[in-house]
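**Q** Got a predicted structure plus its sequence, pasted below:
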Amino acid sequence: MSAAGPPPGVDTSSGGGPPPGVSTSRGGYVDPNWPFPGGPNDAPVIIYGYTPSFALALLATILFCIYFIVHLFQVIRHRTAYFCTFPIGLGFEIVGYIARCLSAKVNPYNLIYFILQYFFIVTAPVFLAAGIYAILSALINRMGRQYSLLPPKIILWIFITSDVIATVTQIAGAALIGVKQKRREDPTSANNILLGGLAYQVFAIGIFIILSAVFIWRARAQIRHAGLTLFIAAFSTATLLIYLRTVFRLAETAEGLGGTLSTREVYFGTLEFLPVVLAVPLLAVWHPGRCVGSKISVSEKDPNAMVELNSRG
């Protein structure tokens, strides 16, 4: 531990750690059934605000490992390079939930485990969203570009750029939060950086949903003709689920560490874990490589012509 003293309001006179079950202004609490370890990488309180559920973390790790294998196999099989960010995002989920397993089973006070799970779980959906952006671009090329408010290349580059900005900002914020917590300093400024990245991501995905809705409505006849109605339903549902999860993270971050949303695992389970774990298999069953095609672009000879698609939508 650093030479700095414990956070305000934490009584260490009875054994080196804060008293059992006491929440602090900096977030976190002490599990009465888990003695304070006092190691060099341990915070004086459990920053989560609870001791993470090992069952939930293990279930998430297993499911995301299965999804990762399925999606990676399909990306390779269908040669869907534009969708490769999806298995990357799933890899991030796996690392994050493994770190969460370690927090739950080995040491919930450990800052390294907390930072790893926080960083990877928060940033993973950025890569999932990038795959979703690429799907819309591929759909526009195949259904007809006249149905879209913007050209597919413009849509792809605008939202991929937005993803990069959101990712860099969230990485910086998450890393600084870890540094501040280790030094027992006020993490408000770092939290605000993370908040800015999440707010930008919520805004960008909101605009993407509007563009997608307009395109799907205009191209509805072509979509039915191509047999892609179920695929569009899966794509739309997955997009909304990822959006729900991002809105939750924005609200959680706006409250700050120690807020209600961040210190109740039920919110994490239902608004972080569940939306992502439901969205991912939808795009495995209706994989874009099989339903839409292996490439985003089609022949430029007739950009408004619909390409004949696999009818298994």
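**A** Arrived safely, thanks for sending.
**Q** C-alpha only now, for contacts and for neighbours.
**A** OK.
**Q** you'd agree Leu72 is up against Gly89?
**A** No. Assessed by CA atoms under 8 Å, Leu72 is found out of contact with Gly89, at 11.1 Å.
**Q** right, and Thr237 touches Leu278 too?
**A** No. Using CA under 8 Å, Thr237 makes no contact with Leu278, being 9.2 Å away.
**Q** which residues in the stretch 51-200 of the chain form helices?
**A** Applying DSSP state H, counting those that start in this stretch to the stretch 51-200 of the chain gives helices spanning 54-78, 85-105, 111-143, 152-182, 188-218.
**Q** angle of the first one against helix 85-105?
**A** Looking back up the chat, that one is helix 54-78. 160 degrees (axes from the mean of the first three to the mean of the last three CA atoms, to 10 degrees).
**Q** who's in contact with the residue nearest to Ile132 when sequence neighbours are not counted?
**A** Leaving out its chain neighbours, the residue that sits closest to Ile132 by CA to CA, 6 or more residues apart in numbering is Thr239, at 7.0 Å. Counting by CA atoms under 8 Å, 6 or more residues apart in numbering, Thr239 makes contact with Ala129, Ile132, Ile209, Ala279.
**Q** Where in the chain is the helix or strand with the lowest mean pLDDT?
**A** Scoring the helices and strands of the chain by mean pLDDT, DSSP states H and E places helix 152-182 at the bottom, with a mean of 81.
**Q** Now do it: which elements does it pack against?
**A** If you count contacts as 3 or more CA pairs under 8 Å, 6 or more residues apart in numbering; DSSP states H and E, helix 152-182 packs onto helix 111-143, helix 188-218.
**Q** Now do the SS call for the residue nearest to Thr80 when sequence neighbours are not counted.
**A** Nearest residue to Thr80 in three dimensions, chain neighbours excluded: Ser294, at 4.6 Å (CA to CA, 6+ apart). Using DSSP: H, G, I helix; E, B strand; the rest coil, the secondary structure recorded for Ser294 is coil.
**Q** Now do the least confident helix or strand of the chain against helix 111-143, angle only.
**A** 170 degrees.
**Q** Just the buried residues of helix 152-182, please?
**A** Of all the residues in helix 152-182, those buried under the rule 16 or more other CA atoms under 10 Å are 152, 155-156, 159-160, 162-163, 166-167, 169-182.
**Q** Kindly report the same for stretch 186-193.
**A** Pro187, Ala190, Asn191, Asn192, Ile193.
**Q** how near is the residue lying closest to the fourth one once chain neighbours are set aside to Asn191?
**A** Beyond its immediate neighbours in the sequence, the residue positioned closest to Asn192 (CA to CA, 6+ apart) is Gly173, lying 7.4 Å away. When distance is defined by CA to CA, to the nearest Å, Gly173 is 6 Å away from Asn191.
**Q** Tell me where the model's unsure across this protein.
**A** Along the chain, segments meeting pLDDT under 70 span 1-28, 178, 181-182, 184, 298-313.
**Q** Centre-most residue in it?
**A** Pro125 (2.7 Å; CA atoms, centre = their mean).
**Q** Next up, the contacts around the nearest residue to that one once chain neighbours are set aside.
**A** Spatial nearest neighbour of Pro125, excluding adjacent residues (CA to CA, 6+ apart): Gly89 at 6.2 Å. Going by CA under 8 Å, 6+ apart, Gly89 touches Ala124, Pro125, Val126, Phe127, Leu128.
**Q** Closest one of those residues to Ser137?
**A** Ser137 lies nearest to Leu128 out of the contacts of Gly89, by CA to CA, at 14.9 Å.
**Q** Not counting residues beside it along the chain, what's closest to that closest one?
**A** Using CA to CA, 6+ apart, the nearest residue to Leu128 is Phe86, at 4.8 Å.
**Q** is it true that that neighbour touches Phe127?
**A** Yes. Shown here, Phe86 and Phe127 form a contact pair, counting by CA under 8 Å, at 6.0 Å.
**Q** and the buried residues of stretch 186-193 as JSON lines, adding distance to Tyr147?
**A** Converted to JSON lines, the buried residues of stretch 186-193 look like this (distance: CA to CA, whole Å):
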{"residue": "Pro187", "distance to Tyr147": "46"}
{"residue": "Ala190", "distance to Tyr147": "42"}
{"residue": "Asn191", "distance to Tyr147": "40"}
{"residue": "Asn192", "distance to Tyr147": "39"}
{"residue": "Ile193", "distance to Tyr147": "37"}
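**Q** This completes my enquiry, with thanks.
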